[in-house]
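Student: Pasting the sequence and the predicted model now:
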Amino acid sequence: MRRIQQLFKKGESEDTWEAFTLALKNISLWTEKDNANQYEGFVDHFKLLQQSIIKSLTSERTRLSGTATDLLKTVSKAMQHDYEPIHDLFGATLIRMFARTNKVMYTRALECYKTIIQHAKLPKLIPKLCNALKAKTEPSKSVRECLATCLDQLIHVNEAVDVLVYATAIEAVFKVNAMDSAPQVRLAVRNCYKTYCTRFPENASRFEDQLPQDIKKYLNVTTKPSLSKRLSSSSIPKAITTTKSTTTKSATTTKSATAIKPATAIKPATATKPNARTVSRPKTRYSAPVISKQLPHPQRPSASASLTHKKPVAKPVSSNKPASVSSNKPALVSASVSSRPLTSDPFALLMRPTASSAQKTRPVKKGFILQGMEPFRPIKRSSDGLENKRPTKKPTIERASQ
């Protein structure tokens, strides 16, 4: 360990960073295989190497920083609950690494912190993380998300007695951070609250009774009856419930007895006429109104009657009347109407002559005039078969004045 201390005094460079990586791997190997953590001066040596290990954790060289995080995970797994004094040396550095934009560094720091909590428990971290979340002084969203995730891990891993000591601080975090502006922070707080509800349902029910509706909405709290109502419903004696069941049974028997009525006589079906049709359709929302009367079948006229029927002929107008009167159209119409025979056959009315049929159809002129068009000159063809076109004018060339 003293030789490692002398090595780290040289500083990180292109020539020394690989030696630093090898030295950190040797410390983790001694801790895992040789149980170096059982020696008395192990923690003191770590205190001397604090700055060197912090520089390795925050280094831009991913291999060196990864080796440093692996060292902390190995030591926490070996020391278990005795790791707390060493965590005080490097815990703040890991929290600062949550704000790194490098995704690799961010995920390594979070996994390292969760592994340390899993092995070393560290229940004293609960109030520190709660105060950091309630203060809302951390501007980074990723840091707040990681703190909520680590608090969830602490609630899940530690004993119930160690967690309930800080129940008020934990519930205050839920009230304050449930409506955080960042969605990933709200999701982490919601998962932490689910863990708290599964481990401590009674405390969670009392806490939910005091929450407003908006916070319940963000925490996905289902509406349940209050604790006082549940306790009052559970304290009802069984005797009252049995009497209620017997009274309900007697009431149902009396109702069933009174509901039975004598069977009514069935009326015989009435015979319908052969030529009548009855309308029996089920009533629906869009059905037409049902006709109660019986409608007779319509009788079609015979084919012979329609063939032998003749078209009525209009009587000629007398010649004694003047020509002016005979040429008027209303006289023709009145004559044709008066000459119509009065028949009871409804199809005869469809064959009556009209005034328009008495008039003669005028011939339609087939000729038409194209307006706005000028006559065109026909193209003459010579005996040679070529078109007789106008000769093109020769361009006039102006003589230059001498």
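Tutor: Good, I have the coordinates. Residues are numbered from 1 along each chain as shown.

Student: Only C-alpha atoms from now on, for both contacts and neighbour counts.
Tutor: Noted.

Student: Please spell out which residues along the helix or strand containing R206 are buried.
Tutor: Applying DSSP states H and E as the criterion places R206 in helix 201-209. Buried residues in helix 201-209, counting neighbours by 16 or more other C-alpha atoms under 10 Å, are found at 204-205, 208.

Student: try stretch 10-22
Tutor: For stretch 10-22, by 16+ other C-alpha under 10 Å, it's 12, 17, 19-21.

Student: Could you export that stretch as PDB, CA atoms only?
Tutor: Taking Å, rounded to 0.1, in the frame of the first residue of the first chain, the C-alpha atoms of stretch 10-22 are listed here in PDB:
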ATOM      1  CA  LYS A  10       3.600  11.100  -9.700                       C
ATOM      2  CA  GLY A  11       0.300  12.300 -11.100                       C
ATOM      3  CA  GLU A  12      -1.800  11.000 -14.000                       C
ATOM      4  CA  SER A  13      -0.200  11.100 -17.500                       C
ATOM      5  CA  GLU A  14       0.200   9.100 -20.600                       C
ATOM      6  CA  ASP A  15       3.000   7.100 -19.000                       C
ATOM      7  CA  THR A  16       1.400   6.500 -15.600                       C
ATOM      8  CA  TRP A  17      -2.300   6.000 -16.000                       C
ATOM      9  CA  GLU A  18      -1.900   2.300 -16.900                       C
ATOM     10  CA  ALA A  19       0.200   1.800 -13.800                       C
ATOM     11  CA  PHE A  20      -2.600   3.400 -11.800                       C
ATOM     12  CA  THR A  21      -5.100   1.000 -13.300                       C
ATOM     13  CA  LEU A  22      -2.900  -2.000 -12.400                       C
END
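
Student: Can you name the residues in contact with it?
Tutor: 7-8, 63-64, 67-68 (C-alpha atoms under 8 Å, 6 or more residues apart in numbering).

Student: check contacts around I95.
Tutor: 109, 143.

Student: So it versus Q210, what's the distance?
Tutor: As judged by C-alpha to C-alpha, to the nearest Å, I95 and Q210 stand 32 Å apart.

Student: cool, G41 as well?
Tutor: For G41, the distance to Q210 - C-alpha to C-alpha - is 51 Å.

Student: again, but for I27
Tutor: For I27 relative to Q210 (C-alpha to C-alpha), the value is 51 Å.

Student: Then N35?
Tutor: 51 Å.

Student: same question, R144
Tutor: The value you get for R144 to Q210, if C-alpha to C-alpha is used, is 25 Å.

Student: what about these two, which has more around it?
Tutor: R144 (28 against 10; other C-alpha atoms under 10 Å).

Student: Closest one to I215 out of the buried residues of helix 201-209, please.
Tutor: Nearest to I215 among those, counting by C-alpha to C-alpha, is E208 at 9.5 Å.

Student: wouldn't that closest one be in contact with I215 here?
Tutor: No. Using C-alpha atoms under 8 Å, E208 is not in contact with I215; the gap is 9.5 Å.

Student: Which elements pack onto the particular helix or strand that has D70 in it?
Tutor: Per DSSP H and E, D70 falls inside helix 62-79. Applying 3 or more C-alpha pairs under 8 Å, 6 or more residues apart in numbering; DSSP states H and E, we find helix 62-79 packed against helix 17-33, helix 50-57, helix 103-120.

Student: Make CSV from the ones you listed and add mean pLDDT and distance to T149 to it.
Tutor: Listed next are the helices and strands packed on helix 62-79 as CSV, based on pLDDT from 0 to 100; distance: least, C-alpha to C-alpha, whole Å:
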stretch, mean pLDDT, distance to T149
helix 17-33, 94, 27
helix 50-57, 94, 21
helix 103-120, 95, 9
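
Student: closest one to V157 among those helices?
Tutor: Using C-alpha to C-alpha, the helices and strands packed on helix 62-79 put helix 103-120 closest to V157, at 6.4 Å.

Student: what angle do the closest one and helix 50-57 make?
Tutor: Angle, helix 103-120 to helix 50-57, by axes from the mean of the first three to the mean of the last three C-alpha atoms, to 10 degrees: 130 degrees.

Student: Show me what secondary structure element comes after helix 103-120.
Tutor: That would be, after helix 103-120 and using DSSP H and E, helix 125-135.

Student: now that next one and helix 103-120, what's the angle there?
Tutor: Using the same axes, to 10 degrees: helix 125-135 against helix 103-120 is 140 degrees.

Student: Adjust the sequence numbering to begin at 418 for everything that follows.
Tutor: From this message on, residue numbering opens at 418, which makes the last subject helix 542-552.

Student: what sits up against helix 542-552?
Tutor: 555, 561, 564-565, 568, 571, 580, 583, 586-587, 589-590, 593-594.

Student: what stretches of the protein score poorly on pLDDT?
Tutor: 640-819 (pLDDT under 70).

Student: need the strands for it, in chain order.
Tutor: 693-694, 712-713 (DSSP state E).

Student: Any idea how far apart the tips of stretch 445-457 sit?
Tutor: End-to-end for stretch 445-457, by C-alpha to C-alpha: 17 Å.

Student: Over to stretch 426-437?
Tutor: 11 Å.

Student: which non-adjacent residue is nearest I444?
Tutor: Distances taken as C-alpha to C-alpha, 6 or more residues apart in numbering place L488 nearest to I444, at 7.4 Å, with adjacent residues excluded.

Student: circling back: for the helix holding D487, which positions count as buried?
Tutor: Those buried within helix 479-496 under the rule 16+ other C-alpha under 10 Å are 481-496.

Student: what's the angle from that helix to helix 520-537?
Tutor: Using the same axes, to 10 degrees: helix 479-496 against helix 520-537 is 10 degrees.

Student: And the contacts of helix 479-496?
Tutor: In contact with helix 479-496 (C-alpha under 8 Å, 6+ apart) are residues 434-435, 437-438, 441-442, 444-445, 448-449, 452, 454, 470, 473-476, 500, 522, 525-526, 529, 532-533, 536-537.

Student: at 7 Å what do you get?
Tutor: Helix 479-496 has contacts (C-alpha atoms under 7 Å, 6 or more residues apart in numbering) with 438, 441-442, 445, 448-449, 454, 470, 473-476, 500, 529, 532-533, 536-537.
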